[in-house]
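> Got a sequence here, can you model it:
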Amino acid sequence: MERLPTGTDAVHGGSRGSVSFADAEGSAPAVRTPEGAPVARRQPDVEPVAMRQPDDAPVAMRQPDVEPAPQNAPTAPSRSGPFAHHAVALPIVQTSTFAFRDTADLRRFMAGDDPDPDRHEYARNGNPTTRAVELRVAALDGAEDALLFPSGMSAITTSVLGLVKAGDHVVLFRDAYRKTRTFVGKTLARFGIEHTLVEPGDLDALERAFRPRTRLVVTECPTNPYLRCVDLERLAKICRAARARSLVDATFATPMNARPLALGIDLVAHSATKYLAGHNDVLGGTVAGSTALVSLVRELRTEMGAVLDPHAAALVGRGIKTLALRVARQNETALAVARAVSDHAQVERVYYPMLESHPDHAIARAQLRGGGGVVSFVVRGGREAAARAVDRFRLATIAASLGGTETLVEPHALLSYADLDDAALAEAGIAPGLIRLSVGVEETGDVVRDVLQALSGA
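Just a heads-up that it's a prediction; the model follows:
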């Protein structure tokens, strides 16, 4: 059984390196040690604990020698309680601005001499609730720092704009979220930034695509919707050799299944709407990486106003508490579904990285702890057959998105690509009969039976 790095502070903001919230006088929060001395964004010391995996769990992900970061939910918060008024749950600091005791306090802050490194004067620049969750995300991803955004796309677009400028060149792998492709292919072009699309996982094509002005490579791992996996360690080396940055959207993997930063990637992003929050009730996004790169993105986030409100941040923080439990079940259920439909007469092809039939199975087993909660499969008969199958689902709900506690099913050509005919779908690389299933936390057997009975009438 594989052992995952875990720790109390990553999910509860426990006593070591925790965020101490303002008291009734309204003073700003500080990152403090148990003795109360302010420190700068300290990461907690943790001990690894075991996480339940299926009997055939993939081999351990390749990682360089790095200090493990906390990733699992503890059974209880710190006994002393890290928050104001001895609260167990993360307090929501619902304010748009912050007070100063007097002008001396204000002068000290403006001079950069405030003892609290995370104090702010205005909520667009930061918020104690949001900052507490950012530190948890940084711990989960093994990063020096992290940022929250109001959506996953906001995290991606702000990060890209923070790293490139007019005249630069960006490389993107073709199998990616449609809005990401649109942003890189059309929106960036309006600002004089060129791009090249390469086939999923083809690192030789990536090297050929590099130009003197290539500054950034963007990929997902696994990708949406075909769950392609790229060798991140090799990708990172290629980028470093070319003096380009790398940005990986690891939404489908979550920090439970993948650690791109440990393999040399520069920035890792998540749509927190999905697994991190995990309850289909809030939008959010995250970016994590080195202090230097995150600072560049933070500056642009402040200028563009792409900040997550504290209530939404608290919902993301709540979801992180159960992330490990949910992902363990979703890994197990998705693998069971993938195996169950692999030999079904109505199914033309199944895409799940932990199946040997997947084109990137070897890479997935090397760098993923689990395959995640999404299974994509193509039914025979195109759009209409996919529609008939989706209409027969009883447990799963027809809806966009993924990663929540409820099982969701999407006829991809009818929802994400409804504006394209079959010829345009083929050009985009999307099969007309593609169904994307995001499993929830229901009983595994119930989900499998629902899928099989739906396919029986397709």
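> Report how many residues lie close to residue 110.
When neighbours are counted by other C-beta atoms under 10 Å, residue 110 registers 11. Bear in mind the C-beta positions are built from the backbone N, C-alpha and C, glycine included.
> can you give me the end-to-end distance of stretch 399-414?
Start-to-end span of stretch 399-414 (C-alpha to C-alpha, to the nearest Å) is 11 Å.
> Please state the offset of it from the chain centre?
The gap between the average C-alpha position of stretch 399-414 and the chain average comes to 17 Å, counting by C-alpha atoms, centre = their mean, to the nearest Å.
> Also stretch 276-296?
Put simply, stretch 276-296 sits 7 Å off its chain's centre (C-alpha atoms, centre = their mean).
> just stretch 83-93 next, same as before
26 Å.
> So what's the residue count around residue 116?
The number of residues packed near residue 116 is 16, by other C-beta under 10 Å.
> Determine the three-state secondary structure at it.
Classification of residue 116 using DSSP: H, G, I helix; E, B strand; the rest coil returns coil.
> Run through the stretch 351-458 of the chain and note the low-pLDDT ranges.
In the prediction, the stretch 351-458 of the chain carries residues with pLDDT under 70 at positions 457-458.
> ok, which stretches of it are strands?
All strands of the stretch 351-458 of the chain, identified by DSSP state E, counting those that start in this stretch, fall at 374-379, 397-398, 408-411, 434-438.
> from what I can see residue 298 touches residue 147, true?
Yes. The pair residue 298 / residue 147 is scored as a contact, 5.7 Å apart, by C-beta atoms under 8 Å.
> returning to that earlier point: could the strands of the stretch 351-458 of the chain go into CSV alongside distance to residue 355 and mean neighbour count?
Output for these, formatted as CSV (distance: least, C-beta to C-beta, whole Å; neighbours: other C-beta atoms under 10 Å):
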stretch, distance to residue 355, mean neighbour count
strand 374-379, 9, 25
strand 397-398, 25, 14
strand 408-411, 19, 24
strand 434-438, 14, 26
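> Now render these as JSON lines, adding distance to residue 118.
Output for those, formatted as JSON lines (distance: least, C-beta to C-beta, whole Å):
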{"stretch": "strand 374-379", "distance to residue 118": "35"}
{"stretch": "strand 397-398", "distance to residue 118": "39"}
{"stretch": "strand 408-411", "distance to residue 118": "36"}
{"stretch": "strand 434-438", "distance to residue 118": "35"}
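> Quick one, which of these gets closest to residue 320.
In terms of C-beta to C-beta, the element of those nearest to residue 320 is strand 434-438, at 18.6 Å.
> Pull up the pairing partners for that closest one, direction included.
strand 374-379 (antiparallel), strand 408-411 (antiparallel) (DSSP bridges).
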